[in-house]
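J.: what would the 3D arrangement of this be:
(4 chains)
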2 protein chains.
Amino acid sequence: MSTAPTVYDVAERSGVSIATVSRVYRNPDSVRAQTRERVLAAARDLGYVPSGNARGLASRSTGVLGLCFPDYADPDTDAEDDDAAMLYSDQIIRGMERAARRHGYALLIAASLKGGPESLVAKVAGRVDGFAVLARTVPTEELEGISRRRPVVMLAGPREEGDHLDHLDHIEVANFDGQRELTRHLIEDHGLRRLAFVGSAEESPDVGARFQGFLAACRAAGVDAPEEPAVRAAMMTQAEGARAADALCDRAGGPPQALVCANDQMAVGALHALERRGVAVPGDVAVTGFDGIPLGRLVRPTLTTVRQPMLRMGEEAVELLVRRLGGASAADPVSLMLPVTVARRASCGCGPEERTVAIGA
Amino acid sequence: MSTAPTVYDVAERSGVSIATVSRVYRNPDSVRAQTRERVLAAARDLGYVPSGNARGLASRSTGVLGLCFPDYADPDTDAEDDDAAMLYSDQIIRGMERAARRHGYALLIAASLKGGPESLVAKVAGRVDGFAVLARTVPTEELEGISRRRPVVMLAGPREEGDHLDHLDHIEVANFDGQRELTRHLIEDHGLRRLAFVGSAEESPDVGARFQGFLAACRAAGVDAPEEPAVRAAMMTQAEGARAADALCDRAGGPPQALVCANDQMAVGALHALERRGVAVPGDVAVTGFDGIPLGRLVRPTLTTVRQPMLRMGEEAVELLVRRLGGASAADPVSLMLPVTVARRASCGCGPEERTVAIGA
DNA sequence: ATGAAAGCGCTAACAT
DNA sequence: ATGTTAGCGCTTTCAT
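T.: Numbers count the residues shown, from 1 in each chain, chains lettered A, B, ... in the order given. Sure, this is the predicted structure:
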């Protein structure tokens, strides 16, 4: 691969100055048609492609937006299921790509993979005009510095109270309201009163909010509400969900009437475990998830859950970034709370027909 | 947003030269620990992030791989279905992102959106070390020029015969073999003999190969094989699939015994149309698709189809690019044919249990 | 181990 | 309408 042709090569071949070559690409109308053709022809012959780097450097903008997300590999998910599982990040990517396209931006994506001083964010941040970060992908302090320099929007983690990040734009979903409504449904519409919340060991703000929503519904209905989740799974995977279900079944006093899982993956794992044990769902125990992954409609019984609008989240992220880049850089930080949808399906006892209820925001 | 800090700012603040600042990031061990700390501290204070552009310009490499794909929006797919539909491109993106991550690259994605001399590819090509292109996303000639300068791998379109693109690396799936096996199954295992192929109006090499596979199976079994697809849909969408099914049913002589659709989207549309007309599937007519989108397992009856390994395609694309970038730039063009899987589900008459058969390559 | 200086390929004034 | 000329922020010899 010989060294790539530059503006100089094209200029020389077409007998104009490099400025004119540049103009042909940036502002074609400012060049006489005939000249333009000559330049374009030379460029074609040479296989010339403008260097995005040089451009970005000279014009201080890249036309690229970015997304950083954590390395969400679920080792327990085989390739087959994986197809259907389509995680969060995939949907956010889709949403962002769509919206970015509408605004003429390309999208740079990268999943965390820590290294020396060269962290992931830095790499992305250095190549884009602005970017979104999935919560807890990168250390708070790192974002702190970067965000002083270019637009950053935080996704899915709540704005951290009184901390340095509160000047970032921020988008989250109605975790609390969604989980509360789902729990209320279990209690009031299905008459269940012994509910167990399956959470996670790591302190995730999202899971935290869901648990609070769960508690709120319990209290409102006068149902016994534990101060802690019944189980804290090490990871939010199917395997852990299955483990949690087993643990709950073996507990003195037998299984609860409902397993309220903090995400769909765990709920699906629980479904499998219960089936293996011969526990009927929803007959003996109801199971619910949170997220709305496609897999939830493939399992039997179909999974009752709270659907997050991840695609929209991606779109909104881009809109926010574009707005900032469009001059609104000084405006106050925006905080969006996106509404969720409770999808009542079979696993809570609602029967095969899916019924949905919009909640929050 | 004030102007971002540069190496100069960091150098000044830490009392070293810009060369040292650069070294701290590129080659930390070549700098005394104490100096390094000082630089890093200054960088942190300033919120310094190295400019990817300047870097790329100076070092002639970006650490980014790219993907260009066509604007596959199916206007007939509502957001709901869309969730499940997860198109090709999404899976390829996933595959590429994973593999890219393993090799330390980020991924730049952009869907076509034609413009002046500044085409999509050019934009991507100018910002990456190498990239993949979904077939027919960009004009052949444009790729021609670019590919002389940096690695390009063509996805999913067959290598064009004797044309200028045959020096590109290329990955495709076993369209012919897959469709032939599926058709053979319909004929031999289900005893069907009047089959209609639902193709597309635009000349797609993939659809072409599928039709040829269909024909080959028909001929091999002594079944009447039309020279042309029974229907050529304008687009390969659900709406068009439904239209095709209706047209076929209204035809003199009644519907065929099987609708062999060139992709899953159309097959799903056909399923809907047939249900509306009260035609039983697979009782009255069998329906098959091609692709293996998740939606195919959600519809009733579940869709018999040929599953393409799109995720793997993305991964292989990255492997190829990385190999080229690693010095194999002069090697002969590689052409990969990935095996497919026939997924026998309910819509061909195989019953509710999914059975799969690996085919090709 | 560190510094000085020459680009990398382009854009954007400013001239003409 | 086109040419001249500075940089843009970094990497990279080559010195020291």
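J.: what segments of chain A are strands?
T.: Taking DSSP state E as the test, the strands found in chain A are A:64-69, A:106-111, A:130-134, A:152-155, A:169-173, A:195-200, A:231-233, A:258-261, A:286-288, A:305-307, A:335-338, A:340-344, A:355-359.
J.: for DNA strand C, which of these is the nearest?
T.: Distance to DNA strand C, taken as CB to the nearest atom of the strand, is lowest for strand A:64-69 among the strands of chain A, at 14.3 Å. The way it works is simple: take the backbone N, C-alpha and C, and place the C-beta from them, glycine included.
J.: tell me the angle of that closest one relative to strand B:64-69?
T.: 110 degrees (axes from the mean of the first three to the mean of the last three CA atoms, to 10 degrees).
J.: other SSEs contacting strand A:64-69?
T.: Helices and strands touching strand A:64-69, by 3 or more CB pairs under 8 Å, 6 or more residues apart in numbering or on different chains; DSSP states H and E, are helix A:88-102, strand A:106-111, helix A:120-125, strand A:130-134, helix A:310-325.
J.: try 7 Å
T.: The criterion is 3 or more CB pairs under 7 Å, 6 or more residues apart in numbering or on different chains; DSSP states H and E, and the helices and strands that strand A:64-69 contacts are helix A:88-102, strand A:106-111, helix A:120-125, strand A:130-134.
J.: quick one, which of the strands of chain A gets closest to B:G326.
T.: Of all those, strand A:106-111 sits nearest to B:G326, with 20.3 Å by CB to CB.
J.: adjacent strands (with direction) for the closest one?
T.: Here strand A:106-111 is paired, per DSSP bridges, with strand A:64-69 (parallel), strand B:106-111 (antiparallel).
J.: okay if I get these as CSV plus mean pLDDT and distance to DNA strand C?
T.: Putting the strands paired with strand A:106-111 into CSV (pLDDT from 0 to 100; distance: least, CB to the nearest atom of the strand, whole Å) gives the following:
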stretch, mean pLDDT, distance to DNA strand C
strand A:64-69, 95, 14
strand B:106-111, 95, 17
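J.: let's have these in a markdown table, adding mean neighbour count and distance to A:L298.
T.: Shown next, in a markdown table, are the strands paired with strand A:106-111 (neighbours: other CB atoms under 10 Å in any protein chain shown; distance: least, CB to CB, whole Å):
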| stretch | mean neighbour count | distance to A:L298 |
| --- | --- | --- |
| strand A:64-69 | 27 | 24 |
| strand B:106-111 | 26 | 27 |
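J.: what's the closest of those to A:V7?
T.: So among the strands paired with strand A:106-111, strand A:64-69 is nearest, using CB to CB, at 21.0 Å.
J.: circling back to that earlier point, need the strands of chain A in TSV with distance to DNA strand D, can you?
T.: As requested, these are exported to TSV (distance: least, CB to the nearest atom of the strand, whole Å):
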stretch	distance to DNA strand D
strand A:64-69	16
strand A:106-111	17
strand A:130-134	16
strand A:152-155	18
strand A:169-173	24
strand A:195-200	38
strand A:231-233	42
strand A:258-261	45
strand A:286-288	49
strand A:305-307	42
strand A:335-338	30
strand A:340-344	41
strand A:355-359	45
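J.: so can I have JSON lines of these showing distance to B:P139?
T.: Shown next, in JSON lines, are the strands of chain A (distance: least, CB to CB, whole Å):
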{"stretch": "strand A:64-69", "distance to B:P139": "23"}
{"stretch": "strand A:106-111", "distance to B:P139": "19"}
{"stretch": "strand A:130-134", "distance to B:P139": "31"}
{"stretch": "strand A:152-155", "distance to B:P139": "36"}
{"stretch": "strand A:169-173", "distance to B:P139": "38"}
{"stretch": "strand A:195-200", "distance to B:P139": "50"}
{"stretch": "strand A:231-233", "distance to B:P139": "51"}
{"stretch": "strand A:258-261", "distance to B:P139": "50"}
{"stretch": "strand A:286-288", "distance to B:P139": "51"}
{"stretch": "strand A:305-307", "distance to B:P139": "41"}
{"stretch": "strand A:335-338", "distance to B:P139": "40"}
{"stretch": "strand A:340-344", "distance to B:P139": "42"}
{"stretch": "strand A:355-359", "distance to B:P139": "44"}
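J.: tell me where the stretch 201-350 of chain A has helices.
T.: Remark: helices assigned in the stretch 201-350 of chain A by DSSP state H, counting those that start in this stretch are A:205-220, A:238-250, A:264-277, A:295-298, A:310-325.
J.: just those: most buried one?
T.: Highest mean neighbour count of the helices of the stretch 201-350 of chain A: helix A:264-277, a mean of 24 (counted as mean count of other CB atoms under 10 Å in any protein chain shown).
J.: which parts of stretch A:274-289 are buried?
T.: For stretch A:274-289, a neighbour-count test (16 or more other CB atoms under 10 Å in any protein chain shown) marks A:274-275, A:279, A:281-282, A:285-289 as buried.
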